Each structure stands twice: as structure tokens, then as C-alpha cells.
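sequence and computational prediction follow.
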Amino acid sequence: MTTKPNAIEARNLTKSYGEKSVLGGVDISVPEGTIFSLLGPNGAGKTTTVNILTTLIPASGGEAFINGNNVVGDADAVRKSIGVTGQFAAVDGLLTGRENLHLMGRLHHLGKAETKRRTEDLLERFDLLDAAKRAPATYSGGMKRRLDIAMCLMGDPKVIFLDEPTTGLDPAGRRVVWSIIRELVKGGTTIFLTTQYLEEADELADKIAVLNGGKIVAEGTPEELKRLVPGGHVKLRLHRADQVQKAVQILAATVSDTDPLGVQVAADGSVESLRKILDTIDREGIEVDELTVHTPDLDDVFLTLTGHTTNIEAAVSA
């Protein structure tokens, strides 16, 4: 299996303001064509990290690269290869949707023909053709966000930084944006995502890093992070009542409070732990009608690792 090169790489990033340390040595690696999500409570250093990676502020120490370009020494090349959207749609309310895209084309120094071609392509791609002649002030929140992402794509960026892209959207609007993000990644784009919705990170991210107090305290796939927290278990519903006590003894299980045929076995949700359970019940001839795996969710992980709940006040971008 060929390893993808990193589109984003940070090595021992630090940032201090006077004696106040905001980042205390952050390492990040994001392979091309993947989605990386950075989670953390208010004040953790998420926005500081994004600002360093997008050349908006310098790091106090360490180094970072985007598509192989140093964010300090090759800042112009970095800016040409990235797109950035913030928590609020950065559209000009006095221009029409089409004019907003034309403006981005000029900012990227595209020729008139190329600007027009990309504009019409993006309007169609983001289902905005019917609204192209209207000012964004008349758009719904979801439409404004789609236009904002479309504007971000006018420069054909290889890496996109999305800072809470679905804040304020209803569930339907959020799922439209999720679909757009997935399509971008299918086309080879790399996504760096910050979000206050743990469901969003769970749904989209190939890899998640939890930032707390300026340091990454955990990193992995959503499933790997969930296995860090105790409380995972496998529920078995047996076929025969006379085998319940046998299962309890052999599997060190507990009997369900609500189902006389149900037993619960502590497990971390990994393939290996599940295989051991299946091998045991097969070897001992225990007949099972149903099996379900339960692992802690990302809310549990977030609370355990950071000591913060994931309500809007606690999880907004820092």
C-alpha cells in the first residue's frame, strides 16, 4: 500500500504572547486527499494553529509546511495553494452571487474567460444558478455557506481550511455541506476542519486530534479515540435461557436488567476483542441470536480528555 504524501505538516509548533503560552509544541500530519479535524475547548489553541498554518500569524517556534512549502519562507506559494473559510460566510452582501465569484476570480488573477468558466461551473455545482443574480442578503444560511465555499474554490486550492463550516445551519443545511466536503475529498482536496459538532467530526474525519491547553492530548481515527475511554461493551442476546448463566461465567458478563436473554461483556470495540468473544461462544456452543457493539461516543472522549462538555459555549473555536 502506497503512503500518501502529507499535504499539511507541522513540527513542534509553539506560540507565545509574552509569558503566555498558547501552543506548547504541536505536531500535525495530514495526508493528501483526507479530512483532518481539530477539536478542543475554548482557549485550546485551535484558531491559533489554523492562523499559523494559513500564514496569518508567525509561530514562535517550530515549522510548518503546506504541500511542501514552508509557511514562512514560501508564504506566497502557500497562500496560492489554500482556501480558507471562517465561521461566518465572507460574502459581499452588495454584490450578486455571480459577482462575488467574479471578484474572487480577479483576486486570484484569473483571466476573464477563466473567471467566467469557473464561476458558471461553481454556480451549477453548488446549486446556485437560480440565485446567481440575487444578492446574498436574500439567501438562506445554507445558500450563503455554499456560496462561501464556492468562492473559496475559485483559486482551485489543493488544501482547504474550514473553520466551523456548518455553524448556524439547520440539520438539512449541515448535511448539504457534508456532502460538498465529501465530494471535494473524492476529487483529491485535503480538508482541515475545526468544528463544534462532534457528530460532524465523527461523520467526516479520517483522523481527529484533540487539542487541550495548547497540546495535542490524543489523536487517531474516530473509532480509535472512542476506544480510549472505558465503558465499551458487547451486548449478546442468547437463543436459550438455560445458557445465560454459562455465558455469564465464561465471558465474565453481566445479565441485562431489561432482557432475561441478554448479557453484556466489557470490550473496547476493537476487532480483536470481538474476535475473542465470538471464538469463545463458538467453542462453548453458546447460541446467540443478536450481537451489538457499543463504544463511548466522541462526547465521552472529549469530556474525558479535556474536562469540558461539548455544548456551544465550551466547544467554540479558540
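That came through, no problem. Every value quoted in this text rests on a predicted model; they were computed, and no experiment measured them.

pop the domain breakdown of the chain in here.
6-222, 233-294 (automatic domain parsing).

how near is residue 215 to residue 15?
Residue 215 sits 12 Å away from residue 15, going by Cβ to Cβ, to the nearest Å. Yep, even glycine has a C-beta here, placed from its N, CA and C like the rest.

more neighbours: which of these two?
residue 15 (22 against 16; other Cβ atoms under 10 Å).

what residues of stretch 188-196 count as buried?
Across stretch 188-196, burial judged by 16 or more other Cβ atoms under 10 Å covers 189, 190, 191, 192, 193, 194, 195, 196.

mind listing the strands for the chain?
Secondary structure of the chain (DSSP state E): strands at 6-17, 20-31, 35-39, 61-66, 69-70, 82-85, 159-163, 190-194, 207-212, 215-220, 233-238, 254-255, 262-266, 288-294.

using a markdown table, lay out those together with mean pLDDT and distance to residue 182.
Formatted as a markdown table, those follow (pLDDT from 0 to 100; distance: least, Cβ to Cβ, whole Å):
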| stretch | mean pLDDT | distance to residue 182 |
| --- | --- | --- |
| strand 6-17 | 95 | 17 |
| strand 20-31 | 94 | 16 |
| strand 35-39 | 94 | 8 |
| strand 61-66 | 96 | 22 |
| strand 69-70 | 96 | 26 |
| strand 82-85 | 89 | 16 |
| strand 159-163 | 91 | 13 |
| strand 190-194 | 94 | 9 |
| strand 207-212 | 93 | 15 |
| strand 215-220 | 92 | 20 |
| strand 233-238 | 91 | 30 |
| strand 254-255 | 91 | 40 |
| strand 262-266 | 90 | 35 |
| strand 288-294 | 90 | 25 |
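
nearest residue to residue 162 in space, please, no chain neighbours.
residue 193 (4.9 Å; Cβ to Cβ, 6 or more residues apart in numbering).

in this protein, which helix has the most residues?
In terms of residue count, the longest helix belonging to the chain (DSSP state H) is helix 171-186.

sorry, back to before: what residues are shared contacts of residue 215 and residue 15?
The contact sets of residue 215 and residue 15 overlap at residue 23 (Cβ atoms under 8 Å, 6 or more residues apart in numbering).

chain neighbours aside, what residue packs nearest to residue 238?
Using Cβ to Cβ, 6+ apart, the nearest residue to residue 238 is residue 261, at 4.9 Å.

can you check residue 229 too?
residue 296 (4.1 Å).

correct me, but the one you found touches residue 222?
No. Counting by Cβ atoms under 8 Å, residue 222 is not a contact partner of residue 296; they are 11.0 Å apart.

can you show me the helices along the stretch 1-150 of the chain?
Here the stretch 1-150 of the chain has its helices, by DSSP state H, counting those that start in this stretch, at 46-53, 75-81, 97-107, 112-125, 141-152.

so which of those comes closest to residue 271?
Of all the helices of the stretch 1-150 of the chain, it is helix 46-53 that lies closest to residue 271, at 31.8 Å by Cβ to Cβ.

quick one: mean pLDDT for the closest one?
For helix 46-53, the per-residue pLDDT values average out at 92.

can you tell me what sits against that helix?
Contacts of helix 46-53 (Cβ under 8 Å, 6+ apart): 8, 10, 13, 15, 22-23, 26, 28, 38-40, 57-59, 64, 66, 71, 84, 161, 163, 192, 194, 211, 317-318.

go again with 7 Å.
Outside helix 46-53, the residues that touch it by Cβ atoms under 7 Å, 6 or more residues apart in numbering are 8, 10, 13, 15, 22-23, 26, 38, 40, 57, 59, 64, 66, 71, 161, 163, 194, 211, 317-318.

same thing with stretch 92-104?
91, 115, 119, 122-123, 128, 131-137, 147, 150-151, 154.

just the buried residues of these.
Here, 16+ other Cβ under 10 Å leaves 91, 115, 119, 122-123, 128, 131-132, 135-136, 147, 150-151, 154 buried among the contacts of stretch 92-104.

any idea how far residue 214 lies from residue 193?
20 Å.

residue 237 now?
38 Å.

again, but for residue 221
Separation of residue 221 from residue 193 (Cβ to Cβ): 14 Å.

over to residue 107?
24 Å.

same thing with residue 218?
Relative to residue 193, and taking Cβ to Cβ, residue 218 is found at 17 Å.

so who does residue 216 touch?
26, 27, 209, 210.

reformat those as a markdown table; add neighbour count and distance to residue 75.
Putting the contacts of residue 216 into a markdown table (neighbours: other Cβ atoms under 10 Å; distance: Cβ to Cβ, whole Å) gives the following:
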| residue | neighbour count | distance to residue 75 |
| --- | --- | --- |
| 26 | 24 | 19 |
| 27 | 14 | 21 |
| 209 | 23 | 24 |
| 210 | 25 | 28 |
